[in-house]
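Visitor: What would the 3D arrangement of this be:
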Amino acid sequence: MTADEACGHIRYSTWASRRLLDAALKLDAEQLHRDMSVAHKSVHDTLGHVLMADRTWLSRVLGEPIEPAGGIEVEWPQVRARWEALADGWNDADLARVITYTNSSGATNSFTLREIVLHVVNHATLHRGQVMAMLRQLGIAPPPTDLIMYFREQQSAHA
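Guide: Got it, this is the predicted structure:
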């Protein structure tokens with residue numbers, strides 16, 4: 001994976017998450033917080049889990065703490081903007097940089113930036129899929145978030 005590809009994946013994940021967050025914010029409070037019997041229970045809690053992971057991994061990559069800054073509608077776009085700004089500055093060699101951190105269980109782990117980027121994007125994709133299923137269960141058509149839809153939108157914007 002090149003730095004351009006990593007940046008593209010980060011931008012795609014931001015785009016897809018923003019679309020799903022916008023759809024979720026149209027739900028009423030009961031729908032947003034309803035226990036849907038999935039791993040993170042509700043639409044809100046599942047999106048909050050993705051935000052927490054995005055924040056945690058960004059903190060590890062930056063080597064600095066990132067404190068929660070409000071609800072998902074405020075903080076998530078800020079965290080995603082920081083990921084994008086960071087990715088904009090990467091070169092191919094940066095992706096081989098090893099990030100060492102201590103996880104919440106106290107274990108020390110090391111991964112390359114390339115591996116972390118792939119994990120962050122894949123993790124968000126998994127949970128966005130869960131939220132899309134929850135929206136369908138609530139009788140709401142979720143927005144398309146497929147990668148090809150992102151590419152189409154990018155082509156249209158540059159046409």
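Visitor: I'd like to know which elements the helix or strand Gln130 falls within is packed against.
Guide: For Gln130, the host element (DSSP states H and E) is helix 113-137. Judged by 3 or more CB pairs under 8 Å, 6 or more residues apart in numbering; DSSP states H and E, helix 113-137 is in contact with helix 3-24, helix 43-62. In short, each C-beta sits where N, CA and C put it, glycine included.
Visitor: average pLDDT across the shortest one?
Guide: In this model, helix 43-62 has a mean pLDDT of 96.
Visitor: on contacts alone, who are the packing partners of the helix or strand following it?
Guide: Toward the C-terminal end, the helix or strand that comes next after helix 43-62 (DSSP H and E) is helix 72-88. For helix 72-88, the elements it packs on are helix 3-24, helix 43-62, judged by 3+ CB pairs under 8 Å, 6+ apart.
Visitor: buried set for helix 72-88?
Guide: In terms of neighbour count (16 or more other CB atoms under 10 Å), helix 72-88 has its buried residues at Ile72, Glu75, Trp76, Val79, Arg80, Arg82, Trp83, Leu86, Ala87.
Visitor: The nearest residue in space to Thr46 that is not next to it in sequence is in what secondary structure piece?
Guide: Take Thr46 and drop its neighbours on the chain: the residue closest to it by CB to CB, 6 or more residues apart in numbering is His40, 4.1 Å away. Assigned by DSSP H and E, His40 belongs to neither a helix nor a strand.
Visitor: hang on, the earlier thing: looking at the helices and strands packed on helix 72-88, spot the one closest to Pro144.
Guide: Pro144 lies closest, by CB to CB, to one member of the helices and strands packed on helix 72-88: helix 3-24, at 7.8 Å.
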